[in-house]
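K.L.:
Here is a sequence together with a model predicted from it:
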Amino acid sequence: YAENGLLSDAKGIFDRMPERDCVSWTELISAYTRNGHGRIALQLSGQMQLNGVPPGKVTFIKVLDACTGLTSLREGRACHASIVGWGFETDIVVGNSLANMYGKCGSLEDARTFFNSVKLRNEVLWDAAIAAHAHNNHGKEALELFHQMQLEGVIPSNTTFVTALNVCASMGTLAEGKLIHNYVDKLGLELEVGPAIVNMYGKCGSLEDARRLFDKMPEQNVALWNAMIAIYSQHGCAVEALQLFEMMQMKGVAPNAITFAGILSACSLSGLVDEGHQYFDYMIKDFGITPTAEHYACIIDLLGRAGKLDEAEDFANKMPVKPGTVAWMALFGAYRVHGDVERGKHTAEHILRVDPLDASAYIVLSNVYSAADRLDEAANVKQLMADRGVKREPGHSSIEVNGKLHEFVVGDRLHPQIDEIYAGLERLKLQMEEAGYVLNTKLLLHDVEEEQQEQSVSQHSEKLAIVFGLINVPSGTPLFVIKNVRVCEDCHTAIKFLSKIVGREIFLRDPNRFHHFEDGACSCGDYW
């Protein structure tokens with residue numbers, strides 16, 4: 001009953017059992033955890049102890065899984081205390097679950113303390129520690145642990161390799177990613193780790209390397225096809241993504257929900273409205289795949305980016321499932337792209353009701369109120385954000401030069417070459433202005449603090465990273481920059497001017513897509 005999700009039946013049989021031992025209690029706790037009822041699983045764990053049934057190590061592993069699913073650090077720490085009390089703290093399997101729980105509950109300090117306390121570390125514990133740092137956006141430390149693991153003679157598992165490659169993809173550290181790929185190839189694991197390698201090359205801007213690896217694979221499973229389609233989508237190469245989809249079917253590989261998410265995203269980012277609708281219908285009617293929130297959000301994004309705002313809103317309101325944060329964010333993005341302030345404001349208000357922890361919605365809503373001279377309401381929004389403890393991730397940009405990653409924030413003053421960078425930026429700004437560039441601070445539907453706009457837009461982190469690249473990367477070599485938040489309209493315009501003035505290809509990856517700037521134009525066609 002538990003395996004088939006029939007929890008009421010399983011609980012009924014459990015309640016009728018004359019004797020309930022550790023195994024039966026653990027199985028019931030596990031059933032509720034597996035089926036997404038972690039809170040009930042924790043309640044059962046408490047009842048088990050009240051009934052005087054001693055827990056086993058598997059019991060604790062399942063309870064830790066419940067804490068992880070709930071991202072409940074408080075219960076996780078309480079479970080850790082019980083583990084110590086029952087003498088299971090030295091069990092390596094329990095230790096792996098503890099490290100995993102702390103990492104996924106966002107407590108790197110606890111994860112590090114526990115990891116350092118363990119003398120004999122197996123590959124699973126190393127993987128949990130590396131994943132904990134990766135999960136909490138500490139990619140540099142994750143890669144340091146990855147190297148330390150090898151120095152201690154532990155061979156990484158496939159899972160560890162995937163985590164390390166994903167960190168390289170996120171950070172844009174191509175040189176590091178290539179080293180890991182070589183190690184994977186040496187161990188003969190390229191086939192198993194192939195999708196992560198393709199993803200790494202693609203997200204680090206090396207589309208040719210991603211496709212070369214994809215083409216040489218002796219076996220191409222659906223995960224590999226999905227990875228390559230997703231990369232084409234992010235690069236705005238919709239034609240190539242759709243061609244790959246057709247080739248995938250010709251080779252007898254059945255697409256899944258992830259495949260169609262990549263295809264719909266490709267259509268959206270390239271403005272292929274009719275094709276997007278066709279593939280959405282194709283997914284449902286020909287493959288029997290039930291659309292997820294992500295698929296619906298892709299269609300909303302597709303319609304919104306094409307300027308069909310009424311259709312996008314109507315589609316969102318008629319979804320067979322209640323629109324979640326993803327769908328509302330897609331609709332909000334459409335209003336942002338087309339400058340519909342009033343509807344953008346209402347959508348931001350709705351996002352705050354659905355997801356009160358979304359920082360960008362607070363900032364945008366505050367900016368809108370300020371622009372309308374509704375200063376009291378703007379102040380109330382900022383106060384609400386502070387009261388709820390919501391913090392916005394600071395925008396930053398990074399560029400890899402000679403194998404070293406350099407990071408910049410808006411108005412940066414800490415980089416050792418910062419004076420040279422600002423001097424270069426000022427010279428280029430004068431050249432851009434002579435060519436017709438005008439600073440744009442009208443960012444009402446972009447998540448930049450209003451009072452910082454005039455001062456900071458000219459010193460946005462991507463501009464600093466690009467000038468640093470121009471100073472340090474040989475002439476003629478393309479620059480590759482990563483931005484952790486959407487590039488603003490002014491920076492997008494400025495980089496187009498820069499690419500023409502300096503005669504340099506510039507690749508910029510933001511959370512939405514890749515931008516390929518060359519000779520005063522961008523591959524996105526000013527459509528992102």
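P.N.:
Arrived safely.

K.L.:
Touching the top helix by length along the chain from outside, list them.
P.N.:
Counting by DSSP state H, the longest helix found in the chain is helix 418-434. Here helix 418-434 makes contact (CB atoms under 8 Å, 6 or more residues apart in numbering) with 412, 415, 437, 458-459, 463-464, 467-468, 470-471, 494, 497-498, 501-502. For the C-beta atoms, the positions are set from N, CA and C on the backbone; glycine is no exception.

K.L.:
Now do the contacts for residue 523.
P.N.:
Contacts of residue 523 by CB under 8 Å, 6+ apart are 235-236, 514-517.

K.L.:
Provide a complete list of residue ranges assigned to helices in the stretch 301-450 of the chain.
P.N.:
Taking DSSP state H, counting those that start in this stretch to define them, one finds helices in the stretch 301-450 of the chain at 309-317, 325-337, 341-354, 359-371, 375-387, 418-434.

K.L.:
do you know which of those helices lies nearest residue 245?
P.N.:
Each of the helices of the stretch 301-450 of the chain was scored for nearness to residue 245 using CB to CB, and the closest is helix 325-337 (21.7 Å).

K.L.:
between that closest one and helix 309-317, how big is the angle?
P.N.:
170 degrees (axes from the mean of the first three to the mean of the last three CA atoms, to 10 degrees).

K.L.:
Pull the most distant pair out of the contacts of helix 418-434.
P.N.:
Within the contacts of helix 418-434, 415 and 437 form the most distant pair, 24.1 Å apart (CB to CB).

K.L.:
The residue nearest to residue 287 when sequence neighbours are not counted in helix, strand or coil?
P.N.:
Distances taken as CB to CB, 6 or more residues apart in numbering place residue 255 nearest to residue 287, at 6.6 Å, with adjacent residues excluded. Following DSSP: H, G, I helix; E, B strand; the rest coil, the label given to residue 255 is coil.

K.L.:
follow-up on the earlier one: so among the contacts of residue 523, where is pLDDT lowest?
P.N.:
Between those, the one the model trusts least by pLDDT is residue 236, at 90.

K.L.:
That residue belongs to a helix?
P.N.:
No. According to three-state DSSP, the state of residue 236 is coil, so it is not within a helix.

K.L.:
hang on, isn't it packed against residue 513?
P.N.:
Yes. Assessed by CB atoms under 8 Å, residue 236 is found in contact with residue 513 at 5.8 Å.

K.L.:
so what sits against both of the two?
P.N.:
Overlap of the contact sets of residue 236 and residue 513 (by CB under 8 Å, 6+ apart) consists of 269, 524.

K.L.:
Residue 313: what's it in contact with?
P.N.:
Contacts of residue 313 (CB under 8 Å, 6+ apart): 331, 343.

K.L.:
any idea how far it lies from residue 300?
P.N.:
Residue 313 sits 8 Å away from residue 300, going by CB to CB, to the nearest Å.

K.L.:
Spell out which residues are contacts of both of the two.
P.N.:
Overlap between the contact sets of residue 313 and residue 300, as judged by CB under 8 Å, 6+ apart, is given by residue 331.

K.L.:
which of the contacts of helix 418-434 has the weakest pLDDT?
P.N.:
residue 458 (81).

K.L.:
and the spatially closest residue to that residue that is not a sequence neighbour, how many neighbours?
P.N.:
In space, and not counting its chain neighbours, residue 458 is closest to residue 439: 6.0 Å by CB to CB, 6+ apart. Residues within reach of residue 439, counting by other CB atoms under 10 Å, total 13.

K.L.:
what sits against residue 439?
P.N.:
457-458, 490.

K.L.:
Closest one of those to residue 193?
P.N.:
Set against residue 193, the nearest of those by CB to CB is residue 490 (40.0 Å).

K.L.:
which SSE is that closest one in?
P.N.:
Using DSSP states H and E, the element containing residue 490 is helix 489-502.

K.L.:
strand partners of the helix or strand just after that helix, parallel vs antiparallel please.
P.N.:
Past helix 489-502, further along toward the C-terminus, the next helix or strand under DSSP H and E is strand 506-509. If you go by DSSP bridges, strand 506-509 pairs up with strand 479-483 (parallel), strand 514-518 (antiparallel).

K.L.:
winner for burial among those strands?
P.N.:
Most buried of the strands paired with strand 506-509, by mean neighbour count (mean count of other CB atoms under 10 Å): strand 479-483, with a mean of 25.

K.L.:
May I have that strand exported as CSV, CA atoms only?
P.N.:
This file holds the C-alpha atoms of strand 479-483, laid out as CSV (Å, rounded to 0.1, in the frame of the first residue of the first chain):
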residue,chain,number,x,y,z
LEU,A,479,34.8,38.2,-24.1
PHE,A,480,32.4,36.0,-22.1
VAL,A,481,30.6,37.6,-19.1
ILE,A,482,28.0,36.1,-16.7
LYS,A,483,25.4,38.3,-15.0
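
K.L.:
by how many degrees do it and helix 489-502 diverge?
P.N.:
Using the same axes, to 10 degrees: strand 479-483 against helix 489-502 is 170 degrees.

K.L.:
Now strand 479-483: average pLDDT?
P.N.:
Averaged across strand 479-483, pLDDT comes to 96.
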